[in-house]
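Chemist: Any chance you can model this:
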Amino acid sequence: MVNHDLELIPGLLTTRTEVAAALGGAKYGGIEEAVESNAVIVYSDPKVGEKHGYTFDGQAEDDDRGQLYLYTGEGPYGDQVFTSGNKSLQRHREDGRVIHLFVANGPRLDPVTGKKMKGGKQQRYIGQMMLDLDEPFEFRRAPGRDGVERQVIVFHLRPDPKAPHPPKFLPQDAIPPATADTVVELDFEATPEPVAAGKKKPSAGPASKQIETEEHATDTTVANIPGGPRTVQRREGQLVKAYKAHLEAAGHIVKRFQLSAEGVAGTMKTDAYDVTDNVLYEAKGTVRRDDVRMAIGQLYDYRRHVDVPTGMRLAVLLPGDPGKDLRSLLDSLNIMLVFRTDDGFEGFPLA
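Modeler: All right, here's what the predicted structure looks like:
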């Protein structure tokens, strides 16, 4: 039986014990299913990830869909899978459950003496959230508690437009900068076996990891996000998927990179890397000039960080012919162009 006296107002300071008493569920896991209140309770503590060498958790930069909070799933050893709490969080919408997000807020202190009190860390209520409808999660590579590299699930949490109150974030909720520069080359399948962590890079620089190419299953999706329903285009993901299949049919190995740089918050991911031809691709869902310019900038940014054999070429992947002027722009920068046609891809094999 639960006690409904706890009023969940964003910014509320409470404890896991009080939350469990009010909403149900256990009080020790990172993700707790509270059947009594039809909710999934998420307890985020970014400092735990920092101890193990990754800084994924926290409020990311706002994008065109609004506020975004990243949360790494449960499982301290080996590849994380969709069982237990991870499954409950992944299925919250299908199960008709809301998400309540809390973040660790330091030890409980006696209001009179200022001394640390028993009962675990203080929890600050962020607000009622939901998984992003377009990209509810992604897979990243990070060390486990034992230091062994493995696959982790990073959930994408958005404010729930049906919540009674908007979420309340503080400056300290922002994703902290990466704490180290390391380079780990990974060659693994969709469900990889854990591999030993790579050696420390001798000079300061970014972290670069090869990961499987990520694709979306459909062209578009309607996302009911703050600000009203909108159509989220997935053309870029479909384009990458089709070109990846095209390359693999030609016998090529296709990966992508997960990049992080010391002192920089968050991670970057490239669209595709043709290992066979040593070509880094950036894909765009349109042939607009702004998108082509953005692709050029991203390619130059990524190339500074990736750790591959010398002579890596750059290429832009587009859904159609961008026209003479943009072809000339790419050519002047020695960036290759591949675009989709009715019967395949123009520009491949690369000259």
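
Chemist: make it CA atoms for all contacts and neighbour counts henceforth
Modeler: Noted.

Chemist: how many neighbours does residue 301 have?
Modeler: Using other C-alpha atoms under 10 Å, residue 301 is surrounded by 12 other residues.

Chemist: same check, this time on residue 294
Modeler: Counted with other C-alpha under 10 Å, residues neighbouring residue 294 total 12.

Chemist: what's the helix or strand hosting it packed up against?
Modeler: Residue 294 is part of helix 289-305, with elements assigned from DSSP states H and E. Applying 3 or more C-alpha pairs under 8 Å, 6 or more residues apart in numbering; DSSP states H and E, one finds that helix 289-305 contacts strand 206-211, strand 279-283, strand 313-318.

Chemist: And the second one, what does it pack against?
Modeler: On a contact count with 3+ C-alpha pairs under 8 Å, 6+ apart, strand 279-283 meets helix 235-249, strand 272-274, helix 289-305, strand 313-318.

Chemist: want to throw those into JSON lines with distance to residue 55?
Modeler: Listed next are those as JSON lines, based on distance: least, C-alpha to C-alpha, whole Å:
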{"stretch": "helix 235-249", "distance to residue 55": "26"}
{"stretch": "strand 272-274", "distance to residue 55": "24"}
{"stretch": "helix 289-305", "distance to residue 55": "18"}
{"stretch": "strand 313-318", "distance to residue 55": "29"}
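
Chemist: between the ones you listed, which one is nearest to residue 326?
Modeler: Between residue 326 and these, the shortest gap by C-alpha to C-alpha is with helix 289-305, which sits at 7.3 Å.

Chemist: chain center to that closest one: distance?
Modeler: Averaging C-alpha positions (C-alpha atoms, centre = their mean, to the nearest Å) puts helix 289-305 20 Å from its chain's average.

Chemist: For that helix, list the C-alpha coordinates in CSV.
Modeler: Presented in CSV, the C-alpha positions along helix 289-305 are these (Å, rounded to 0.1, in the frame of the first residue of the first chain):
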residue,chain,number,x,y,z
ARG,A,289,22.7,24.0,-49.3
ASP,A,290,22.6,24.4,-45.5
ASP,A,291,22.6,20.7,-45.0
VAL,A,292,25.6,20.2,-47.4
ARG,A,293,27.5,22.9,-45.6
MET,A,294,26.8,21.3,-42.3
ALA,A,295,28.0,17.9,-43.6
ILE,A,296,31.3,19.5,-44.7
GLY,A,297,31.8,21.0,-41.2
GLN,A,298,31.0,17.8,-39.5
LEU,A,299,33.4,15.8,-41.6
TYR,A,300,36.3,18.1,-40.9
ASP,A,301,35.4,18.0,-37.2
TYR,A,302,35.2,14.2,-37.1
ARG,A,303,38.4,13.7,-39.0
ARG,A,304,40.4,15.5,-36.4
HIS,A,305,39.4,12.9,-33.8
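
Chemist: List the buried residues in that helix.
Modeler: Judged by neighbour count (16 or more other C-alpha atoms under 10 Å), helix 289-305 contains these buried residues: 292, 295-296, 299, 302, 305.

Chemist: and which of those residues is nearest residue 70?
Modeler: Ranked by distance to residue 70 (C-alpha to C-alpha), the buried residues of helix 289-305 are led by residue 302 at 22.1 Å.

Chemist: After the longest strand anywhere in the chain, heading C-terminal, what element do we hit next?
Modeler: Looking across the chain with DSSP state E, the single longest strand is strand 116-131. Where DSSP H and E defines the elements, the next helix or strand beyond strand 116-131 is strand 137-143.

Chemist: Just the angle for that following strand relative to strand 116-131, thanks.
Modeler: 140 degrees (axes from the mean of the first three to the mean of the last three C-alpha atoms, to 10 degrees).

Chemist: if we can go back for a sec, please list the residues outside the longest strand of the chain that contact it.
Modeler: 8-17, 43, 90, 93, 98-110, 137, 155-160, 163, 165-169 (C-alpha atoms under 8 Å, 6 or more residues apart in numbering).
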